[in-house]
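Enquirer: I would like to see how this sequence folds:
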Amino acid sequence: MSVYTHTVIDKEAYLKKLKKQQKRDRQRIFRVLEYLDYSAVFERSPVEIIDGYVISDVENYEIFASFVFRNVSDKGILSLDILLLCYQHQNIPYLKIPFTYSLESYTLGTRRINGKAIKKKIAEQKPVIDATETFGETVYIPIPESYFKRLQVILTGVTYADGSREELNLIAGRSIKKFNELDADKRLAYNKVNIYTANEEVFPIKVVPQAGEMAWLCCCGHKNPKSAALCEICQREQDWVLNTLAEEKLDETARKIAEEEKQFFKPLKNSYRQDKYLQNEVEIKRKKEAYELAMKRVAERERRREQLKAQILPRLLLYFFFAFLLWFILGLLLNKF
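Expert: Numbers count the residues shown, from 1 in each chain. Predicted coordinates:
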């Protein structure tokens with residue numbers, strides 16, 4: 001047997017084992033230990049991290065990392081390679097965990113387009129991740145039981161639908177400025193220039209917006225493809241958000257307001273309280289609960305599917321038994337007559 005044949009067999013065996021493991025993992029019940037905030041957009045990347053979680057199996061306490069990605073490029077994607085770096089006390093990672101998201105390795109998980117889940121049968125026949133599609137939800141990457149102090153995610157490369165490969169080497173987690181971290185002058189400036197006051201109750205400003213090569217981060221915290229003229233969640237205009245709410249623009253506006261108000265009265269900065277925007281903890285709790293519920297629903301569905309499979313053989317045997325019994329009784333009756 002040639003080396004090539006050995007390689008093919010080994011790969012098939014590995015993928016078969018991986019598929020079984022993914023199926024078993026989807027039947028587990030998890031709780032969220034930590035929400036990983038990857039709000040900032042990459043300078044240049046065909047994918048963005050939408051959410052990240054550290055989760056634990058409620059029965060055996062095994063720990064996993066789970067991420068939701070989105071294709072923000074205009075090209076279809078076949079696979080995404082990442083590298084998890086686990087740190088404890090030093091600045092050098094004590095563990096490096098490579099991982100690939102692809103249909104071939106059964107690691108695309110729940111996939112969504114415009115927020116709506118793609119049916120499993122359709123997704124299983126569709127290896128290409130389309131533009132704006134999310135993937136990775138309910139895919140679990142095992143990480144050490146001895147908990148780490150810091151987890152770093154590196155996007156190492158992406159393979160497109162046309163077979164081309166792009167090396168990325170992008171580190172997730174670039175710093176982002178929260179709105180409530182701005183000084184009182186900049187927050188006052190926002191209140192003055194805000195033309196979307198009606199949005200504040202439902203989609204309040206959370207972060208200072210950012211623009212990347214392929215995506216932009218709205219002030220409501222949602223990541224949008226560069227092609228989206230309006231935020232998909234709050235409907236604020238991209239141009240207005242990026243041009244008006246950049247920190248340097250707010251600083252410029254604050255200085256103008258201060259000059260104007262000097263002529264009339266001393267500004268009362270403290271009168272503009274921003275407590276209603278401090279929703280970070282509430283939002284994170286909501287995200288944790290929503291993801292736990294999503295994982296629980298997947299587990300229930302997978303367990304139910306396995307139970308039905310386990311019942312097929314007994315039901316068939318029972319069916320043949322009754323068919324044989326009916327045939328036997330009919331035979332006896334016919335012999336009597």
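Enquirer: give me the element Ala254 is part of.
Expert: Ala254 is part of helix 247-262, with elements assigned from DSSP states H and E.
Enquirer: just how off-centre is that helix within its chain?
Expert: Here helix 247-262 is found 38 Å from its chain centre; the criterion is CA atoms, centre = their mean, to the nearest Å.
Enquirer: Can you tell me what sits against that helix?
Expert: Helix 247-262 is touched from outside by 177, 182, 185-186, 188-190, 192-193, 208, 243, 267, with contacts defined as CB atoms under 8 Å, 6 or more residues apart in numbering. C-beta here means a position set from N, CA and C on the backbone, and glycine is covered the same way.
Enquirer: what's across from the closest residue to Ser66 other than its chain neighbours in the sheet?
Expert: Once flanking residues are discounted, Ser66 sits nearest to Tyr53: 4.8 Å by CB to CB, 6 or more residues apart in numbering. The partner list for Tyr53 in beta bridges (DSSP bridges) reads Tyr35, Ser66.
Enquirer: What is the neighbour count of Tyr53?
Expert: By the measure other CB atoms under 10 Å, the count of residues near Tyr53 is 22.
Enquirer: List the residues that contact it.
Expert: Tyr53 neighbours (CB under 8 Å, 6+ apart): 32-36, 65-67, 288, 291.
Enquirer: Quick one: which of those is the most crowded by neighbours?
Expert: Neighbour-wise, those (other CB under 10 Å) top out at Phe67, 25 neighbours.
Enquirer: Was I right to think it contacts Asp51?
Expert: Yes. Contact criterion CB atoms under 8 Å: Phe67 and Asp51 qualify, at 7.1 Å.
Enquirer: per-residue pLDDT, Cys219?
Expert: Cys219 is assigned 92 on the pLDDT scale.
Enquirer: May I have the secondary structure class of Pro93?
Expert: Under the three-state scheme (DSSP: H, G, I helix; E, B strand; the rest coil), Pro93 adopts coil.
Enquirer: Just want the phi and psi numbers for the nearest residue to Lys178 once chain neighbours are set aside.
Expert: Of all residues not flanking Lys178 in the chain, Val207 sits nearest, at 5.8 Å (CB to CB, 6+ apart). When read as degrees, to the nearest 10, the backbone of Val207 gives phi -140, psi 160.
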